[in-house]
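Engineer: Here is a sequence with its predicted model. Questions after.
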Amino acid sequence: MNSGHSYVIQYKDKVIKAHPLRKEEVRKIYDFMKEVTIDSENYKEYLGIGCESLFKKKGALIETSEEMLYDAVNRPEMYSSMGIWNEDGTPEAFIIAENEDFDDLISQKNLKMKEGFEDKFQELYKAKLNKTLMYKGDMRVRPKSDIRKCFFIMFYFLLKDMVDNGYRVGASEVFNITAYNDGNEWIDIDVYNERSFKAQVRGIKAEYIADGLTKEKEIGNCVKIRYYSKIIGYDIVSSLKYVEDGIKSLNLTYREE
């Protein structure tokens, strides 16, 4: 199995690149992702305490680590990734997904199925056993990117690699934060990355099929959050077609690098 293809893309008067994560890029990509980390300094803005929630619009880095990115470079058979790079070599978008169920996420004990979607879970589980399941994607797109539909361009090239490598079913996570504690008391909230959720449901025809277990994480000095994953499932081949149709208006041309 290869670790993915690299592309040079002509977009209007720009030349951009799309390729899987490379070792020399790990620090730059981690810094790019970390720009949307929730911490003890900004948690109120992200969670919407006394203001509109940034998390709804931008999402945030919760579980992706620098160690994970290096692991992805060293074990490309275990991960799939795709970045979009602009002409000056800075990242415009990045996504990473796992090819193995490291946390045993796709299991009946760790998921609460949405009513009426039990068959969809069985599809995920069967694909997991057949090693045709890709899941747990973490992503970021630069706000107000000059590259129109940058999210979908990134997804298009990731999905192409997934199909080439034999994957047929995708399952991604959208984090939902349910409570925070900045002292001794847990305070209930309900915020999730609505932008990512809607992009996947509308743009690649994904379906919200299950919820993961509640987790707890310390995000800074004396600040903790509780959260769970909304599990979004999709057919990779069909989604590739939807995304391809969606970016036709951009008149992209590309070649393998």
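Structural biologist: Nice, thanks for sending it over. Residues are numbered from 1 along each chain as shown.

Engineer: quick one: the helices in the chain?
Structural biologist: 26-34, 43-47, 54-58, 66-74, 118-129, 150-164, 194-203, 236-246 (DSSP state H).

Engineer: now those in TSV, with mean neighbour count?
Structural biologist: Yep, even glycine has a C-beta here, placed from its N, CA and C like the rest. Output for the helices of the chain, formatted as TSV (neighbours: other CB atoms under 10 Å):
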stretch	mean neighbour count
helix 26-34	17
helix 43-47	21
helix 54-58	18
helix 66-74	16
helix 118-129	16
helix 150-164	22
helix 194-203	17
helix 236-246	17
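
Engineer: Identify the residue nearest Val15 in space, chain neighbours excluded?
Structural biologist: Glu87 (5.9 Å; CB to CB, 6 or more residues apart in numbering).

Engineer: what's the neighbour count on the nearest residue to Glu218 once chain neighbours are set aside?
Structural biologist: Nearest residue to Glu218, sequence neighbours excluded (CB to CB, 6+ apart): Lys224, at 5.1 Å. For Lys224, the neighbour count with other CB atoms under 10 Å is 15.

Engineer: mind listing what Lys224 touches?
Structural biologist: 180-181, 216-218 (CB atoms under 8 Å, 6 or more residues apart in numbering).

Engineer: That one and Ile29: what is the separation?
Structural biologist: Distance of Lys224 to Ile29, computed by CB to CB, to the nearest Å: 27 Å.

Engineer: returning to that earlier point: put together JSON lines for the helices of the chain, with distance to Ile9 and mean pLDDT on each row.
Structural biologist: Formatted as JSON lines, the helices of the chain follow (distance: least, CB to CB, whole Å; pLDDT from 0 to 100):
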{"stretch": "helix 26-34", "distance to Ile9": "18", "mean pLDDT": "95"}
{"stretch": "helix 43-47", "distance to Ile9": "32", "mean pLDDT": "96"}
{"stretch": "helix 54-58", "distance to Ile9": "25", "mean pLDDT": "92"}
{"stretch": "helix 66-74", "distance to Ile9": "22", "mean pLDDT": "94"}
{"stretch": "helix 118-129", "distance to Ile9": "30", "mean pLDDT": "93"}
{"stretch": "helix 150-164", "distance to Ile9": "7", "mean pLDDT": "95"}
{"stretch": "helix 194-203", "distance to Ile9": "19", "mean pLDDT": "91"}
{"stretch": "helix 236-246", "distance to Ile9": "14", "mean pLDDT": "95"}
